[in-house]
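# Below: sequence and its predicted model.
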Amino acid sequence: MEDCMFEALDDVLLDGRTKGLPGTEGALALGAVGAQGWNLLAGDVPLPAAVLKASAIANNQAWMGRIISHYGVSLAPHGKTTMAPQLFRHQIASGCWGITLSTLHQVRVARHYGISRIIIANQVLDPGFLAYLVAERRRDPDFECVHLIDSPEGIAAILAARPDAERPLDVLIEVGPMGGRTGCRTIEEALSLAREIANHPDAMRLRGIEGYEGNMSGSGQADIEARIAAFLDYMVETAEAVGEAGLFAPGEVLLTAGGSAYFDMVAKTLGAAKLEAPSRVVLRSGCYISHDSGMYARLIDRSEARSPELVPAGHPRAALEVWATVQSRPEPGLVLLNVGKRDLSYDSHLPRVTGHVPRGEARVNPVGADHEIFALNDQHAYLRCPEDGPMRPGDRVTLGISHPCTTFDKWDVLLVCDDDYRVTGAVKTFF
C-alpha cells in the first residue's frame, strides 16, 4: 500500500461513528486508515464520502510554489479552508511561510499541532484570546504571531491584556475599502493608529499593513478588478505613508492580502511598494491546496487571462470530490442521490456530476453536461438527466464541488486516495 503523503496525528482515534468510514471493531488510529486496503471503486467505503486525491494536492502545491517563486512573495494559506493540521504541516514543509487563522479555536488547534508562525486575520478584542496569545508568547519563544488592528479599541484591548515587555504583541494595521468589510478607510486614520501604537512599544509593535480584496463587488468582472486595483494602490500608499513617518517597528515590514482569486494582482502591486525597510509580501490564498470544480476553477482561468505570466506555472486540479449513491430514479429524467446540504458546498454553485460508476463495475465513466444537479435537500440531491440515461439505483457518482471551504467543514475525516481510488490515508479536520 502506498504511504499517505500526510503524516498521521498520533492522538486521533476513529471508529464506526465517524462519517464516511466503514464500521470497525474498536478504535482505529488515524494513521492506520491507509493499511485497511479500502478502495472506493470496490465499494469498501459507505457513501457519501469525501475524498482528497493525493496527486492533485501534490500538483496544486507545486503550482503555487512556482507562482510565489515567480513573484518573489511568501504564502501563509488561510487555514480556515481545511482546518486540517495535517495539511497545515504539509504546507509548511512544502515551503509556506506560515498559516493564517481567524479565531481562538483555530489558533489553539494549530498550536497544538506545532504551527509556530501564524497570521490572525482579525482584530482581536476578546480578553481571553489576547490572554492566550500573551501566555503562548511567554511559554514559547519560537512562537511568531501577528494580528490586526483597525481601531483605538484594538489598542486598548492589547493594553488591558498586559503583554510582556520582552515580547510585545505584533500587529498589522488593517485597511479596507469604503463599503467593504473591516479596516481603516483613510490613510489619516491608519496614521493615527500607527502613532498611538508607537506610544506603547512595551505592549505592541507595528509590523505592517494588511487588507483583503476578495470580497469586492462591482457591476461586472472588469469593474471588480478595477476596484481591487484601486484598493491595492491604497494599501501601498498607506504603507508608504506609515514608513515615511517612521512608525513601523524595526525589522521586516509585512504587506499581506491575497485570497485565492486575485493573488496575482496582490503580488504585483504590493511587491512594488517603496519602503526604506526590507519588506515581505505575504499572500493568504487558502483554497489552492484543494482547488475546486466551480467558482475557483473559473477565477483561476480568469487570472491566467489577466496575468499571462501565470500560464507557465501550470494549472491547479480539483483534489476534493464527494462520492454518492443513486438512491432513486422515481420518474423519467430525474435521479435522487443520497447526498445533500449536510455533505456539500452550495453557497457558491451547486455540485457538478463528474463521473458515474455503474453498479458492479470498478471504473469511473465520464458524464456529460446533460447531467445536472439542480436542487439539494439536507440529505438528497436532485439530478436532472436524459430520460434514457444510464444511472440506476445502486450506482455511484462522483461530484465536483464549488468553494471548498464549505465542504471541508461538513466532514470530520476525509479519505486520501490515489488515482485508482485506493485509500492511502485520511485527513482529520477540526471545525
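Sure, I can see it. Residues are numbered from 1 along each chain as shown.
# Now I155. Nearest residue, chain neighbours left out?
Once flanking residues are discounted, I155 sits nearest to E196: 5.6 Å by CB to CB, 6 or more residues apart in numbering. Using the backbone N, CA and C atoms, a C-beta is placed for each residue, glycine as well.
# Also P48?
Counting by CB to CB, 6+ apart, P48 lies nearest to V339, which is 4.3 Å off, once chain neighbours are set aside.
# contacting residues around the one you found?
47-48, 322, 324, 379-381, 399 (CB atoms under 8 Å, 6 or more residues apart in numbering).
# Check H112 too.
By CB under 8 Å, 6+ apart, the contact set of H112 is P85.
# how near is it to E144?
H112 sits 17 Å away from E144, going by CB to CB, to the nearest Å.
# A226 too?
Distance of A226 to E144, given as CB to CB: 35 Å.
# give me the number of residues near the nearest residue to D347 once chain neighbours are set aside?
Excluding its sequence neighbours, the residue lying closest to D347 (CB to CB, 6+ apart) is T406, at 5.3 Å. Residues within reach of T406, counting by other CB atoms under 10 Å, total 16.
# pretty sure T406 is touching K341, no?
No. Applying CB atoms under 8 Å, one finds T406 not in contact with K341, separated by 9.8 Å.
# what residue ranges in this protein are flagged as low confidence?
1-3 (pLDDT under 70).
# Do you have the helices of it handy? List them.
54-71, 85-93, 104-112, 127-139, 152-161, 187-198, 221-244, 263-270, 295-306, 405-408 (DSSP state H).
# most tightly surrounded among these?
Most buried of the helices of the chain by mean neighbour count (mean count of other CB atoms under 10 Å) is helix 263-270; its value is a mean of 23.
# chain center to it, what's the gap?
18 Å (CA atoms, centre = their mean, to the nearest Å).
# That one vs helix 54-71, what angle?
In terms of direction (axes from the mean of the first three to the mean of the last three CA atoms, to 10 degrees), helix 263-270 departs from helix 54-71 by 20 degrees.
# residues in contact with helix 263-270?
67-68, 71, 73, 213, 225, 228-229, 232-233, 235-236, 255-258, 281, 283, 285, 303, 306-307, 309-310.
# For G286, which residues are in contact?
Contacts for G286 (CB under 8 Å, 6+ apart) come out as 77-82, 100, 259-260, 405.
# my bad, should have said I209
I209 touches 172-175, 190, 235, 238-239, 242, 253-256, counting by CB under 8 Å, 6+ apart.
# Okay, the closest residue to it other than its chain neighbours and Y382: tell me how far apart.
Distance criterion CB to CB, 6+ apart; nearest residue to I209, sequence neighbours excluded, is A239 at 4.4 Å. Computed with CB to CB, the distance linking A239 and Y382 is 50 Å.
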